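# okay, structure incoming, though there's no sequence with it:
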């Protein structure tokens, strides 16, 4: 697996078939998900280990048609998929590399402490940002077009924010592992409405 | 007319490192630790060429384990008995654990930034940093021991140990930076370790080390091996400053 990861990070394209990339995404993002779930512990570790690859791949699945629309003049659908999958794989590997650090913080941060919870959310955001930046850098190199890169990132991020919202809880603000996927609760609003309401709340 | 030869500090360093010789094939942990001090050039070349890599990995790990355990035992002598044993066990966990937890990040980001070093080579470089820091710890162990057995309270000792850890960390970073420069010199076709990232990554290592040390508290005062309490190391600063 480390040889495959090394080939991925060094852009040795010949060794990067879609099944191998999917295996890398599954293993790396599961490790990161499990580390995030370690804060609450027990079943949350398993829940997040399943949800993290589901989040990355379902976002890709939902965004693929729109992404290919922008790239259709330059790339075939198969090529669009390969580039997008490679980008997600780079992001996943960076997240997987940060998993041990997140795991340590997850195990050692005090439960039911708003400051610790806030710190973990910041750590999670910073980790995803680091993974995202590495992925975007690869995408820019692969596509060779800034316009297309911006369009793809916008589509993926726009969809990803809502997918993450639907799959919450990630860290677990109730501090219990009682919810795998509370869809009924999550379907009541969406990420952007929530951000808008929070923004309005600042002025009321 | 004789050509002017410019001898820069960089070229002097590389010339010295080029002369270093060391055979890791039959060397034990302490010989490898000695080479980290005296024959860095040979060690770095071997790691870069993946020569005797299993021997280096084993020896650097064992040397870091033993040397940091020795300093831990001295630290724990403030409360002789079980606390000495606990501190001797906890310190290698903190030193090796911090280095190894951060090794995947070092590998992934350096690979993205153009390094061709494999994962075992990266782990060897990370252990080189840990072994360098552990060497400083053990070098200061006699001084720490003197103050440990002759000090009445923990206040001064906390400051002393913090100072020794800071020196160890600074020396480790300096060793790793020298290794980075030499690696870049002997293989100009790649960037084995990226300069800017090295310092950012070292910040992450220090952060992880502080959190691990806080997780395994107490190190100096009597207490269980692990208190079972969770917490962030920032709490230590508010405890010292008396902030709420």
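Here it is on my side, so go on. Because the structure is a prediction, the values reported are computed rather than measured.
# what is the least confident helix or strand in chain B?
helix B:234-241 (a mean of 70; mean pLDDT, DSSP states H and E).
# how about residue B:230, secondary structure?
State at residue B:230, reduced to three classes by DSSP: H, G, I helix; E, B strand; the rest coil: coil.
# got the residues of chain A near chain B?
A:2-3, A:5-6, A:9-10, A:90, A:93-94, A:96-101, A:103-105, A:107-111, A:115-116, A:119, A:134, A:137-138 (CB under 8 Å from any CB of the partner chain). C-beta: built from backbone N, CA, C; applies to glycine.
# which of those fall within helices?
Cross-referencing those against helices under DSSP state H gives A:2-3, A:5-6, A:9, A:90, A:93-94, A:96-101, A:103-105, A:107-108, A:115-116, A:119, A:134, A:137-138.
# which of those are buried?
A:5-6, A:9, A:90, A:93-94, A:96-101, A:103-105, A:108, A:116, A:134, A:138 (16 or more other CB atoms under 10 Å in any protein chain shown).
# so what's residue B:204 closest to, chain neighbours aside?
Excluding the flanking residues, the one nearest residue B:204 by CB to CB, 6 or more residues apart in numbering or on different chains is residue B:102, at 5.7 Å.
# quick one: contacts for the one you found?
A:100-101, B:126, B:201, B:204-205, B:208 (CB atoms under 8 Å, 6 or more residues apart in numbering or on different chains).
# okay, it: pLDDT?
If you check residue B:102, the pLDDT there is 96.
# pLDDT value on the most centrally placed residue in chain A, please?
Of all residues in chain A, the one closest to the mean position by CA atoms, centre = their mean is residue A:56, 4.9 Å from it. Residue A:56 carries a pLDDT value of 95.
# how about the residues of chain B near chain A?
B:100-102, B:104-105, B:107-109, B:111-112, B:116, B:118-119, B:204, B:208, B:211-212, B:214-215, B:229-232.
# can you tell me which of these are buried?
B:100-102, B:104-105, B:107-109, B:111-112, B:118-119, B:204, B:208, B:211-212, B:214-215, B:230-232.
# on contacts alone, who are the packing partners of the helix or strand where residue B:200 lies?
Secondary structure assigned from DSSP states H and E places residue B:200 in helix B:195-215. If contacts are counted by 3 or more CB pairs under 8 Å, 6 or more residues apart in numbering or on different chains; DSSP states H and E, helix B:195-215 sits against helix A:77-108, helix B:82-112, helix B:154-186.
# now do the contacts for the residue nearest to residue A:116 when sequence neighbours are not counted.
Nearest residue to residue A:116 in three dimensions, chain neighbours excluded: residue A:109, at 4.0 Å (CB to CB, 6+ apart). By CB under 8 Å, 6+ apart, the contact set of residue A:109 is A:39, A:116-117, A:119-120, B:230-232.
# right, I'll call it a day here.
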